[in-house]
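Give me a model of this one.
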Amino acid sequence: MSSAILICPGNAKDIIQLPHPKTRELCHFLRTPQPSACLYEVITFEQTAAKQTLFLPDRILAPAPIHVASPIDIAFFLISALEQDATKHNGRFVDAEDLLESLHTRIRDSAENHLQHLCDATTTPGFFRPSARKVQEWVAQRVEAVAAALPGSMVDSLVTWPASHEEASQLATEARQRAAWGLVASYLPDTVEQRIAPSFGVPALVAFEASRRATVINPNEFMKRSVVGDEAGLMAGVAKKQKKGSMGVEALKKVNTKGMKSMTSFFAKKTRPP
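Residues are numbered from 1 along each chain as shown. Predicted coordinates for the structure are as follows:
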């Protein structure tokens with residue numbers, strides 16, 4: 001019987017399968033008990049070429065696959081469900097139960113608390129209408145929170161900083177935003193991501209990277225140009241030499257060959273006598 005290691009909170013023992021908010025593929029998640037239910041995504045670390053071995057007090061695991069439970073906001077599942085049923089509701093105010101109908105029963109209660117952040121509400125209690133504006137505002141808040149939490153080492157690995165401190169500061173801000181947006185977008189449906197992406201542009205960072213690409217010569221292109229140029233010069237020299245001939249050939253050209261048989265006459269086919 002194979003074993004695996006799962007690193008998770010002690011009270012997260014309820015394993016459920018849910019469609020991933022972005023891909024809709026079934027994935028494993030952990031859920032903590034009510035009333036403050038939290039959801040965790042089970043992430044598996046792929047093993048490297050060398051097999052991992054884990055030594056435990058009562059056993060040895062080899063190989064030792066490790067899974068980690070990472071917190072995930074239930075609002076991502078609600079956004080996915082609202083986007084999937086967008087044509088069904090057609091911009092109307094709908095009862096909360098209808099909006100939550102496509103969600104797993106284990107997360108409906110928790111997801112209901114997020115309706116007010118992602119939907120417009122009416123004076124009639126319990127009726128909501130999905131709002132693209134509110135979804136974008138919520139995503140913007142998440143991106144800002146993730147950007148603030150990113151470690152500096154991760155940001156430093158994203159871009160090579162210029163000498164100007166002021167320019168570097170602007171690029172660092174945009175690098176954080178781009179990295180944070182990439183993480184948040186990995187949990188958004190493609191249609192939502194495409195709709196919101198333009199608002200998370202990073203013009204200074206894009207311009208800086210483009211300028212660096214323009215000023216740095218690609219070694220492969222340089223070598224190709226050099227080889228092509230050298231080859232052309234070499235072939236021109238060979239053609240010139242072939243046209244001129246060697247000193248011996250040039251001397252033979254000056255010999256008087258009048259009355260002499262040509263070389264081809266020695267290889268002509270002989271005819272039989274009659």
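
tally of neighbours for residue 180?
Counted with other Cβ atoms under 10 Å, the neighbours of residue 180 add up to 21. The way it works is simple: take the backbone N, C-alpha and C, and place the C-beta from them, glycine included.

show me what contacts it?
Applying Cβ atoms under 8 Å, 6 or more residues apart in numbering, we find residue 180 in contact with 143-144, 146-147, 150.

got those as a markdown table, with pLDDT, neighbour count and distance to residue 98 columns?
A markdown table is the format used below for the contacts of residue 180 (pLDDT from 0 to 100; neighbours: other Cβ atoms under 10 Å; distance: Cβ to Cβ, whole Å):
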| residue | pLDDT | neighbour count | distance to residue 98 |
| --- | --- | --- | --- |
| 143 | 91 | 23 | 30 |
| 144 | 92 | 14 | 32 |
| 146 | 91 | 17 | 31 |
| 147 | 88 | 20 | 35 |
| 150 | 82 | 16 | 38 |
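
Show me those that map onto helices.
If you go by DSSP state H, the contacts of residue 180 have 143-144, 146-147 in helices.

from the residues you listed, which two are the most distant?
144 and 146 (7.5 Å; Cβ to Cβ).

Where does pLDDT dip in this protein?
Along the chain, segments meeting pLDDT under 70 span 1-4, 35, 46-51, 63-64, 154-168, 202-274.

now the strands for it?
With DSSP state E as the criterion, the chain has strands at 5-7, 14-19, 26-31, 39-45, 54-55, 60-61, 66-71, 94-95, 119-121, 127-130.

any idea how the chain splits into domains?
Following the TED database, one gets these domains for the chain: 5-72, 74-130, 150-215.

which of the ones you listed is buried the deepest?
Using mean count of other Cβ atoms under 10 Å, the stretch among those with the largest mean neighbour count is domain 74-130, at a mean of 17.

Rebuild the strands of the chain as TSV, extending it with distance to residue 101.
Formatted as TSV, these follow (distance: least, Cβ to Cβ, whole Å):
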stretch	distance to residue 101
strand 5-7	31
strand 14-19	14
strand 26-31	18
strand 39-45	19
strand 54-55	43
strand 60-61	42
strand 66-71	25
strand 94-95	10
strand 119-121	14
strand 127-130	13
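
So which of these is nearest residue 194?
strand 127-130 (16.8 Å).

which strands and helices sit next to that closest one?
helix 86-89, strand 94-95, helix 96-99, helix 115-118, strand 119-121 (3 or more Cβ pairs under 8 Å, 6 or more residues apart in numbering; DSSP states H and E).

Turn the ones you listed into JSON lines, including distance to residue 32.
Formatted as JSON lines, the helices and strands packed on strand 127-130 follow (distance: least, Cβ to Cβ, whole Å):
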{"stretch": "helix 86-89", "distance to residue 32": "30"}
{"stretch": "strand 94-95", "distance to residue 32": "28"}
{"stretch": "helix 96-99", "distance to residue 32": "23"}
{"stretch": "helix 115-118", "distance to residue 32": "21"}
{"stretch": "strand 119-121", "distance to residue 32": "25"}
